[in-house]
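Undergrad: model this:
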Amino acid sequence: MTSVIIPNNWNPRPYQLPVLAYFANGGKRAVLVWPRRHGKDDVCLHLTAIQLMKKPGTYWHMLPQYAQARKAIWDAVDAHTGIRRIDWAFPKEIRSSTNDTEMKIVFKNGSVWQLCGSDNYDSLVGSGCAGIVFSEYALCKPEAWGYLKPILDENDGWVVFNSTVRGQNHFTEMAHYAKTNPQWLCSYVRASEAGVFSKEQLDKIKAEYGAQYGQEQGEGMFLQEYENDENAFIATFNSVFGQGAGQRMRENPQPAEVVCRVAGIDLARFGGDNNVIFVADRRSDGSLVEREVVSWGGTDAVFTQGKIAEVLTRGKVDQCAMDGDGVGGPIIDNVRALCDGKRIVFEEYHNTPLTGPYANRTTQGYFELARDAEAGKVFLRDDRVISELGARMYEFNNKGQRVLQQKKEWRKESGKSPDFADAAVMASMIAPLPKDFLRSGAKASFARTEYDVI
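TA: Residues are numbered from 1 along each chain as shown. Sure, this is the predicted structure:
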């Protein structure tokens, strides 16, 4: 009798092991943000082989388009082993039948594995399923998950979303969510850290991109494909923040004295928006260092007011700017009352029009923060803040002034509002007041006067 060990003659790389461990411990939801040529589908195929032997059921491996499935998975031969990918992951000894036309394998224990496409997901609704792999999810139809999720919920099934980033879209939103949910796994891998390619190989790849697309666009392509930078390709065009700023913001700051702790608060106007509190230290060397980013959905004013007061108090914030446009006014007054005696100086922020090179105060704030980032004076950790800043675009109005892309256009492209970036910019625009003034508990109503007074 022939025996086969699953996974079949496969040695996972170090960064792949946590994925296997997560599912071995009962995990159900995983997002793999991995670069090109780092084994996204390999780990998913071998993981599925393990799962379908443990629990008989139906399993789907879904690519963006059904037509891609045969070339990318069914007929594909692994370059390292010279074996078909499906034969490597699913050895013939454990199969009972293989249907080449339907790209379906039936196993001796009753499990079924099949290749599918997100372009015809509606044909799968109503079918039972124990596990789904969404391969290159950034290019898949996002509504496919919405239709298929109830099947997994009912069957206590699992799902893996794997992809290299393609700017900001439903995949990066899924990854951001996975990072904040302790029941999910988010595996984020960069080629420069994974060890699959040497530094010399990566330098060569980057140089080839530069030769093909031009230096700036080529670097953007490299950062997107190999470093999973969701802003990189966008940032090569009419973006407020250049690639240099994006890279410097991720560096570690040098020691310096904290002059003031500031917070920018962007309030949700619509049900799909986030309330965001961005807390940072303004330091003696002029740098801005992120301390904490807190966010939540919903527009419940009572909860929002209490949450803001709690974060500002716990974080020992000295000065705070809150969005006073739209729904902000009454909430700001109530937060002030809740923070009475805490010696927090509040500014009610408004996006006032300006003369000069920038059309309004917010546009100026974005460009000033980008300038400081280029100079190595902005240090951020939150990927949502960095990604939204990097994707912020601008244009020129009929007066020749720079103005940010309208939010309705942003919503059309990304499906959301740049709440995290706006909160960070508001915090960056706070001018620190003298420490003696802050210690005195004086109740100044604002922390910064309007721009372009003269």
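
Undergrad: Tell me how many other residues crowd residue 6.
TA: Residue 6 has 17 neighbours, counted by other C-beta atoms under 10 Å. Every residue, glycine included, has its C-beta placed from N, CA and C.

Undergrad: And this protein, split by domain according to the record?
TA: 14-189, 194-237, 258-440 (automatic domain parsing).

Undergrad: and of the ones you listed, who's closest to residue 8?
TA: Nearest of those to residue 8, taken as C-beta to C-beta: domain 14-189 at 5.0 Å.

Undergrad: Surely residue 174 forms part of a strand?
TA: No: counting by DSSP: H, G, I helix; E, B strand; the rest coil, residue 174 is not part of a strand but helix.

Undergrad: low-scoring stretches of the stretch 1-150 of the chain, by residue?
TA: 1, 125-126 (pLDDT under 70).

Undergrad: Tell me where the stretch 101-250 of the chain has strands.
TA: Ranges of strands in the stretch 101-250 of the chain, per DSSP state E, counting those that start in this stretch, are 104-107, 112-117, 131-135, 158-163, 184-188.

Undergrad: can you redo these as JSON lines with mean neighbour count and distance to residue 304?
TA: Conversion of the strands of the stretch 101-250 of the chain to JSON lines gives the following (neighbours: other C-beta atoms under 10 Å; distance: least, C-beta to C-beta, whole Å):
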{"stretch": "strand 104-107", "mean neighbour count": "18", "distance to residue 304": "51"}
{"stretch": "strand 112-117", "mean neighbour count": "21", "distance to residue 304": "42"}
{"stretch": "strand 131-135", "mean neighbour count": "26", "distance to residue 304": "34"}
{"stretch": "strand 158-163", "mean neighbour count": "24", "distance to residue 304": "31"}
{"stretch": "strand 184-188", "mean neighbour count": "18", "distance to residue 304": "25"}
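
Undergrad: Same list, the ones you listed, but as TSV with distance to residue 376 please.
TA: Listed next are those as TSV, based on distance: least, C-beta to C-beta, whole Å:
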stretch	distance to residue 376
strand 104-107	54
strand 112-117	46
strand 131-135	38
strand 158-163	31
strand 184-188	24
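
Undergrad: I'd guess residue 67 is in a strand, am I close?
TA: No: assigned with three-state DSSP, residue 67 falls outside any strand and is helix.

Undergrad: Distance-wise, check the residue nearest to it when sequence neighbours are not counted relative to residue 129.
TA: Nearest residue to residue 67, sequence neighbours excluded (C-beta to C-beta, 6 or more residues apart in numbering): residue 117, at 7.1 Å. Separation of residue 117 from residue 129 (C-beta to C-beta, to the nearest Å): 15 Å.

Undergrad: One more: residue 346?
TA: 52 Å.

Undergrad: who's more crowded, those two?
TA: It is residue 346, of residue 346 and residue 129, that has more neighbours when counted by other C-beta under 10 Å, with 24 against 21.

Undergrad: Just list whatever residues bridge to the more buried one.
TA: Per DSSP bridges, residues listed as beta-bridge partners of residue 346: residue 320.
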